[in-house]
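Novice: Here is a sequence with its predicted model. Questions after.
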Amino acid sequence: MHKLKIISIAITVLLLVVFSVYFLQPQKSEIQEIPQSVSAKQAIPDFAEIKQTTEKKKAFFSYLRPEVETQNAHILLQREFVHGLRAKHIAEEQITENQMEELLWLMKEYRVEENDDLELVFDKLLTRIDIVPVELVLVQTANESAWGTSRFARKGYNFFGLWCFRKGCGFVPKRRNDGAAHEVAKFDDLSTGMYTYLRNLNRHDAYKEMRAIRKQLRDQMKPISATALTEGLTKYSERGDDYVVELKHMIRTNQDLM
């Protein structure tokens, strides 16, 4: 029995070491590279050719869902990395040079300013680096891309209504106001588009209310609700509150199809 106990302790210690290595010393590819789902490598379905509304919706959700889940999983990996560094900081353990490089990259990626108070940095990062519910992403992309039939979605993987501001960075909108310089962003693949969209929600000042709602749910150990987070998206569209009402309606009426 004594020998078995020693073996059990040894296995536990080994698992803790493996856990620490995995989360606290990830390769750059784990933190910085954009992962790709199976859907991202497939051609965009011609949703306009699907005449039956329910079937079109199912096809749309089936195409987008794997990518949402893949990018959310990547965000959780980044989040666990920050949690790991925070634990080391609290325990007064030394943060390695490689870990600090990764931390600085995350700070730049999520627009968190450098601060001598690392605890404050960790708090801000953990508020920004978090998932967006699949249901919310699916109805937003459906809304912004007319269920995948817009030319921006079909030709540039932009299911998100994202703009860019460098000449030639995307599509020039047909109804752009005189004097406006923005374009509708064009992406090389679905993964890059989805990553950019989620990062936009997680770091842009316009969506700090959404992040505050999400943090409150985390602090209260409640599920991160798609409906709850819509309340923080009034600035995503010029329609404001009407846009939020529409998203809520889409979540409710399409729940069984997602």
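Specialist: Yep, that arrived.
Novice: Please enumerate the strands of the stretch 151-258 of the chain.
Specialist: 163-164, 170-171, 183-185 (DSSP state E, counting those that start in this stretch).
Novice: among those, which is the most enclosed?
Specialist: With neighbours taken as mean count of other CB atoms under 10 Å, the strands of the stretch 151-258 of the chain reach their highest mean count in strand 183-185, at a mean of 21. C-beta here means a position set from N, CA and C on the backbone, and glycine is covered the same way.
Novice: if we can go back for a sec, in terms of mean pLDDT, which of the strands of the stretch 151-258 of the chain ranks lowest?
Specialist: With a mean of 68, strand 170-171 has the lowest mean pLDDT of the strands of the stretch 151-258 of the chain.
Novice: which helix is the longest one in the chain?
Specialist: For the chain, the helix that runs over the most residues, judged by DSSP state H, is helix 53-90.
Novice: Run through the helices of the stretch 1-150 of the chain in chain order.
Specialist: In the stretch 1-150 of the chain, the segments counted as helices under DSSP state H, counting those that start in this stretch are 2-24, 28-31, 53-90, 97-109, 118-128, 134-145.
Novice: Nearest to Glu183, out of those?
Specialist: Closest approach to Glu183 among the helices of the stretch 1-150 of the chain (CB to CB): helix 134-145, 15.4 Å.
Novice: Go ahead and confirm Asp130 touches Asp219.
Specialist: No: with contacts counted by CB atoms under 8 Å, Asp130 stays clear of Asp219, the gap being 11.9 Å.
Novice: more neighbours, these two?
Specialist: More neighbours surround Asp130 than the other of Asp130 and Asp219, with 21 against 8 (other CB atoms under 10 Å).
Novice: For the residue at minimal distance from the centre of the chain, give its distance to Phe160.
Specialist: Centroid-nearest residue in the chain: Leu198, 3.4 Å away (criterion: CA atoms, centre = their mean). Counting by CB to CB, to the nearest Å, the gap from Leu198 to Phe160 is 9 Å.
Novice: Equivalent analysis for Lys57, please.
Specialist: Noted for Lys57: a distance of 18 Å to Phe160, by CB to CB.
Novice: Looking at those two, which is more packed in?
Specialist: A direct count of neighbours by other CB under 10 Å for Lys57 and Phe160 places Phe160 higher, at 25 against 20.
Novice: which residues of the protein score low on pLDDT?
Specialist: For the chain, applying pLDDT under 70 flags the ranges 1-29, 168, 170-181.
Novice: Which parts of the stretch 151-258 of the chain are helices?
Specialist: Taking DSSP H, counting those that start in this stretch, the helices of the stretch 151-258 of the chain run over residues 151-156, 190-203, 208-219, 226-230, 241-254.
Novice: Between those, which one is closest to Ile31.
Specialist: Nearest to Ile31, of all these, is helix 190-203, at 12.7 Å by CB to CB.
Novice: Which strands and helices lie in contact with that closest one?
Specialist: helix 53-90, helix 134-145 (3 or more CB pairs under 8 Å, 6 or more residues apart in numbering; DSSP states H and E).
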